[in-house]
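# 3D, please:
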Amino acid sequence: MKRLFTRACARIARFFWSWGFLKFVVALIALVILFYVEEDWRGARMWAATKAEWEARGETFDYSKFIPPPVPDDQNLAALPLFKLEAGKYFDGSSYLAMLNLTRAMHNSLPNLVDVPIGGWQKGELPDMAKIQKAIAANYSIVFKDAKLPDDTLSQFGVIYPFCAELLAASATHPDFRINFDYTISPPASRSISALAATIPLSQILTLQSILALDQHQPDVALQDFKTNYELLSGVKRDPTLVGGLVAIGMNDINGAAIFKGLAEHDWSNAQLIEMDHTLKPINFLADFQFAIRSEVANSTANYEFFESANLSQMQETLGMGESGLADVFLLHWPSGWWDGNKTRITTILFQSLATVDPQARLVFPRRGDDLQNRVEQAIRSWKARAPWNILAYIAGGRINFAHRFAQAQVWVDETRIACALERYRLAHGVYPGSLDALAPTYIDDLPHDIMNGQPYHYQLRVNGTYLLYSVGWNQTDDGGQVVLRNDKPSEIDSTQGDWVWPTPQVAPAK
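Residues are numbered from 1 along each chain as shown. Model prediction:
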């Protein structure tokens, strides 16, 4: 037995030292080299053709073109110490840039902030003032243990968040907002965007103060909160990421609660309504959508090109990966053509989504968006989506129909402007008009049309003196002002069905 084992080992050894094995190794290396050369050539050719096609249409892949220009400190609200970027620490010890002063000032650890019921205004729900008062009193007791409560909720709120008064005062002299990120950092994926996310709770705080000010009959304070919120929003949406646009949409949705309450309870004066319209008129979420998509293309291209030449430590640091595994090694040793393939795929998907809106004509084309989303979903289910030259693009671009979010945000802005004009008409005449045609040009200089079909927004004066105002919504069908709730979450509106309705609750008599 021992002799047989020895002979077998000797034969194996002679094979590995033979010319035959050497030829096999050389052939294998040649095949690997040929494979890399072919894949690199194929991917580079595909990427060059895609890039040339879109550049011929006037598109650019230069990330620097989307970086917002610097703003002088004396005009930049983000230059305040409140918004200073500092290094924070994750639980694992890794660092990130964040607005730590703002985080501390907002008392983000308070348990009642997120749950404060500012109301589902899109469904016609006004803020629950009793619950708000209870939540703020509870927060006051946490921050100031055993301290006597101020007499009213607005005063309690001001003591908890004293930075709000300073922020409102500063916004009057600092008309712009640009977070002082280092946009030159490479790759763009390594830039922490946690500071962008911090504007969401800040928007909640400002909106809550606006609601409290309206309840205390201080609409001037509420208006300043409103304007500051939109100044922040206008800066956030210029961030060269899709995330920036989506955060701005979230801020717009939050801020709507205070606007709605003031209109429903007739708290705004004619002058305040004019100022609100001037603030809202420049908002163009359809143009913001195209900016976000184009910047996302440039962003993704720069990221892929970095990873194509990155070493393991650079990739781990950028993506926040832990110890290296087979997936990391696989990514590092990809043919460069596979990176080019993923660039081609994500670029094509994103640029094709631009056709779902026309900012100049102020039109949205839902069928184009739905068709593109369906094609992407079908592609994801196919085996080709799992090919390494496609997989990263489909992971990143699986949900592509973002035009829906931006379109609905623009409808809310349009309907808010029309609702302000209707309230101005009511202040002048004691009743709402019988038609929207009565609003322009006295109460609104340009009456916006429904971006979903290019027709006038639907308006109906009810017999009880209130009105119905709505867009035909994503399905482009006039459902008579019907709002449809989601089957899986009945507390939320199904924005793909029914109409997009400006709610008019019958809660308060005219003041």
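# alpha carbons only for contacts and neighbour counts from here, please
OK.
# and for the nearest residue to residue 483 once chain neighbours are set aside, the neighbour number?
Spatial nearest neighbour of residue 483, chain neighbours left out: residue 498 (5.3 Å); criterion: CA to CA, 6 or more residues apart in numbering. Neighbour count for residue 498, taken as other CA atoms under 10 Å: 23.
# likewise residue 428?
Quick note: residue 428 (other CA under 10 Å) scores 12 neighbours.
# ok, now the one 10 residues further on?
Applying the criterion other CA under 10 Å, we find 15 residues in the vicinity of residue 438.
# where does it land on pLDDT?
The model reports residue 438 with a pLDDT of 97.
# which phi and psi values does it adopt?
Backbone torsions of residue 438, given as degrees, to the nearest 10, read phi -80, psi -10.
# re the thing from before, helix or strand for the residue nearest to residue 483, which one?
Assessed by DSSP states H and E, residue 498 sits outside every helix and strand.
# thought it was touching residue 486?
No - in this structure, residue 498 is not within contact of residue 486 by CA atoms under 8 Å, at 10.8 Å.
# what about the strands in the stretch 1-150 of the chain?
Secondary structure of the stretch 1-150 of the chain by DSSP state E, counting those that start in this stretch: the strands cover 86-89, 95-98.
# most neighbours per residue, which of these?
Mean neighbour count (mean count of other CA atoms under 10 Å) peaks for strand 95-98 among these, with a mean of 17.
# on that earlier part again, contact partners for the residue nearest to residue 483?
472, 473, 475, 477, 478, 479, 481, 482, 483, 484 (CA atoms under 8 Å, 6 or more residues apart in numbering).
# picking that back up, now mean pLDDT too, for the strands of the stretch 1-150 of the chain, in a markdown table please.
Converted to a markdown table, these look like this (pLDDT from 0 to 100):
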| stretch | mean pLDDT |
| --- | --- |
| strand 86-89 | 80 |
| strand 95-98 | 78 |
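# need those in JSON lines (columns: distance to residue 44).
Converted to JSON lines, those look like this (distance: least, CA to CA, whole Å):
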{"stretch": "strand 86-89", "distance to residue 44": "39"}
{"stretch": "strand 95-98", "distance to residue 44": "35"}
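# so where's the chain shaky on pLDDT?
Along the chain, segments meeting pLDDT under 70 span 1-39, 90-94, 109, 111-117, 310-333, 379-400, 505-511.
# from residue 471, how far out is the residue nearest to residue 123 when sequence neighbours are not counted?
With CA to CA, 6+ apart as the criterion, residue 123 has its nearest non-adjacent residue at 6.3 Å, and that residue is residue 503. From residue 503 across to residue 471, the span is 12 Å (CA to CA, to the nearest Å).
# quick one on the thing from earlier: would you agree the residue nearest to residue 123 is in contact with residue 120?
No - Residue 503 is not in contact with residue 120 according to CA under 8 Å; the separation is 10.3 Å.
# looking at those two, which is more packed in?
Between residue 503 and residue 120, counting by other CA under 10 Å, residue 503 is the more crowded of the two (21 against 17).
# tell me the phi and psi of the more buried one?
phi -80, psi 140.
# which residues touch it?
121, 122, 123, 124, 468, 469.
# how does it look with 7 Å?
Shown in contact with residue 503 (CA atoms under 7 Å, 6 or more residues apart in numbering): 122, 123, 124.
# closest to residue 492 among these?
Closest to residue 492 out of the contacts of residue 503 is residue 123 (8.5 Å), distances taken as CA to CA.
# among the strands of the stretch 1-150 of the chain, which is nearest residue 244?
Across the strands of the stretch 1-150 of the chain, closest to residue 244 is strand 95-98 (CA to CA), at 15.3 Å.
# who does the closest one pair up with?
Taking DSSP bridges as the criterion, strand 95-98 pairs within the sheet with strand 86-89 (antiparallel).
# and the contacts of the strand it pairs with?
For strand 86-89, contacts defined as CA under 7 Å, 6+ apart pick out 95, 96, 97, 98, 99, 100.
# measure the closest residue to the first one other than its chain neighbours to residue 194 for me?
Closest residue to residue 95 in three dimensions, ignoring its sequence neighbours and counting by CA to CA, 6+ apart: residue 89, at 4.5 Å. Using CA to CA, residue 89 is found at 12 Å from residue 194.
# cool, and residue 485?
Distance of residue 485 to residue 194, given as CA to CA: 32 Å.
# ok, those two, which is more surrounded?
residue 485 (17 against 12).
# next one: that one from residue 404, what distance?
The gap separating residue 485 from residue 404 is 17 Å, by CA to CA.
# pretty sure residue 479 sits against residue 499.
Yes - the criterion here is CA atoms under 7 Å, and residue 479 meets it with residue 499 at 6.1 Å.
# what about these two, which has more around it?
The residue with more neighbours, out of residue 479 and residue 499, is residue 499; 24 against 17, by other CA under 10 Å.
# grab the most central residue of this protein for me.
residue 246 (1.0 Å; CA atoms, centre = their mean).
# assign that one to helix, strand or coil.
helix (DSSP: H, G, I helix; E, B strand; the rest coil).
# would you map the helices across the stretch 251-400 of the chain?
Taking DSSP state H, counting those that start in this stretch, the helices of the stretch 251-400 of the chain run over residues 270-280, 285-309, 312-319, 326-332, 336-353, 366-381, 391-396.
# now the second one: buried residues?
Residues of helix 285-309 classed as buried under the neighbour-count rule (16 or more other CA atoms under 10 Å) are 285-304, 306-308.
# and the angle from it to helix 336-353?
If you take axes from the mean of the first three to the mean of the last three CA atoms, to 10 degrees, helix 285-309 sits at 180 degrees to helix 336-353.
# contacts made by helix 285-309 with the rest, please.
Outside helix 285-309, the residues that reach it (CA under 7 Å, 6+ apart) are 61-63, 66, 187-189, 240-242, 245, 315, 336, 339, 343, 347, 350, 354, 357, 359, 403, 406-407, 409-410.
# nice, that's everything, thank you.
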